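> All I have is the shape, not the residue letters:
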Ligand code: 13P
């Protein structure tokens, strides 16, 4: 393992003024998103959507890398250029989601554990051969006011994340470690902070125990927010304060970068919160983004599968990418959203 090359890649993923575009929805999730805007759930439409994203002109100015999924990393543009080639030519690092999804956890009603470790070493080798330089694994933690997540669910997911991360580093890939505490439910922001801290503590304990090199990974956490159904919602500053306090307590300074997931936040709220996070100048890590929905959603609605809307959809993606790139520098403001 060449640790310093991995560390260089990790730093490039969170380079100043840039972040990651997560476009690694599973076939099922991508189909659901297409169907929501009236697009037929076909392999060709998934490919066309991913082509639209990857070929947005100048994407590399605000995006450092893209997270693909098994289907997509093997696909090409309608003109026959491999997506990996398109990404590289645009100055984008190529990442790959390697978990096989969160499945119901036995004996733990309402909780999930992420699968995909079986045969992972061989799959990672294949992805390195296809041009990937980083990988992603997402654990999903349901939260409520008292019972969830259970210690068992936290431990199982933390253990799997660390096993995945060690295999990635051995294979020459930078692992993105994504333990997502969900936003669903009426829980308070304080409860989210308590759970997020517990989850991240457990994750780092496992990473260290299993020999993962902290300098050669990226942490992809949720922001610390109240549940979507909580009557008391927070300002961007409150989200930033709680998130930074939480991360300072549990994320080692050796980690080269933190790239947040958006988790279902509207695009402008995610940008405002990411911007507010930059007020904490002395965090040990760059605070960046690895957004899926908060980058893609407006563009998908505009495209709606219509060739005539393609350029406008790409502009909507680029707009969100620029807003978030500005937010990583503390330069985002609501004025950027004016039509
Ligand atoms: P969201 O930003 O939509 O949460 O997606 C990020 C991601 O990669 C989920 O695994």
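Arrived safely, thanks for sending. Quantities reported herein were computed from a predicted structural model and do not represent experimental measurements.

> Which positions in the stretch 151-300 of the chain make contact with the ligand?
Applying CB under 6 Å from any ligand atom, we find that the stretch 151-300 of the chain lies next to the ligand at 178, 261, 262, 263, 290, 291, 292, 293, 294. Heads up, the C-betas are built off the backbone N, CA and C, glycines and all.

> Please identify which of those residues is nearest to residue 156.
Minimum distance to residue 156 across these is 15.2 Å, recorded for residue 178 (CB to CB).

> Local confidence estimate at that closest one?
With respect to pLDDT, residue 178 scores 99.

> quick check, it in a strand?
Yes - per DSSP: H, G, I helix; E, B strand; the rest coil, residue 178 lies within a strand segment.

> Let me see the contact set for it.
Contact analysis of residue 178 by CB atoms under 8 Å, 6 or more residues apart in numbering lists 136, 137, 138, 139, 161, 220, 221, 261, 290.

> can you do 10 Å?
For residue 178, the contacting residues are 22, 67, 97, 99, 114, 136-140, 161, 203, 218-222, 259-261, 290, by CB atoms under 10 Å, 6 or more residues apart in numbering.

> And the residue of the stretch 101-250 of the chain found nearest the ligand, its phi and psi?
Minimum separation of the stretch 101-250 of the chain from the ligand (CB to the nearest ligand atom) falls at residue 138, amounting to 4.1 Å. Dihedral pair for residue 138: phi -110, psi 120, per degrees, to the nearest 10.

> count of residues packed around it?
Neighbourhood size, residue 138 [other CB atoms under 10 Å]: 20.

> List the beta-bridge partners for it.
Applying DSSP bridges to residue 138 gives these bridge partners: residue 178.

> I figured it hits residue 181, correct?
No - in this structure residue 138 lies outside contact range of residue 181 using CB atoms under 10 Å: 11.7 Å.

> any common contacting residues for these two?
Shared contacts of residue 138 and residue 181, counting by CB under 10 Å, 6+ apart, come down to residue 261.

> Leaving out the residues flanking it, which one is nearest to residue 266?
Computed as CB to CB, 6 or more residues apart in numbering, the closest residue to residue 266 that is not its neighbour in sequence is residue 294, at 7.3 Å.

> quick one: contacts for that neighbour?
Residues in contact with residue 294, defined by CB under 10 Å, 6+ apart, are 22, 260-271, 273-274, 320, 323-324.

> Narrow the residues you listed to just the buried residues.
22, 260-265, 267-271, 273-274, 320, 323-324 (16 or more other CB atoms under 10 Å).

> returning to what we had before: filter the contacts of residue 294 down to the ones in helices?
Judged by DSSP state H, the subset of the contacts of residue 294 located in helices is 267, 268, 269, 270, 271, 273, 274, 320, 323, 324.

> Can you pick out the most distant pair from the residues you listed?
273 and 320 (13.9 Å).

> joint contacts of these two?
Counting by CB under 10 Å, 6+ apart, the residues touching both residue 273 and residue 320 are 262, 294.

> Against residue 300, how distant is the residue in the chain positioned nearest to the ligand?
Residue nearest to the ligand within the chain: residue 292 (2.7 Å; CB to the nearest ligand atom). Distance from residue 292 to residue 300, counting by CB to CB, to the nearest Å: 11 Å.

> cool, residue 199 as well?
In terms of CB to CB, residue 199 sits 30 Å off from residue 300.

> just residue 22 next, same as before
As judged by CB to CB, residue 22 and residue 300 stand 13 Å apart.

> gap between the two ends of stretch 181-200?
Terminal residues of stretch 181-200 lie 10 Å apart, using CA to CA, to the nearest Å.

> can you check stretch 130-145 too?
The first residue of stretch 130-145 is 44 Å away from its last residue (CA to CA).
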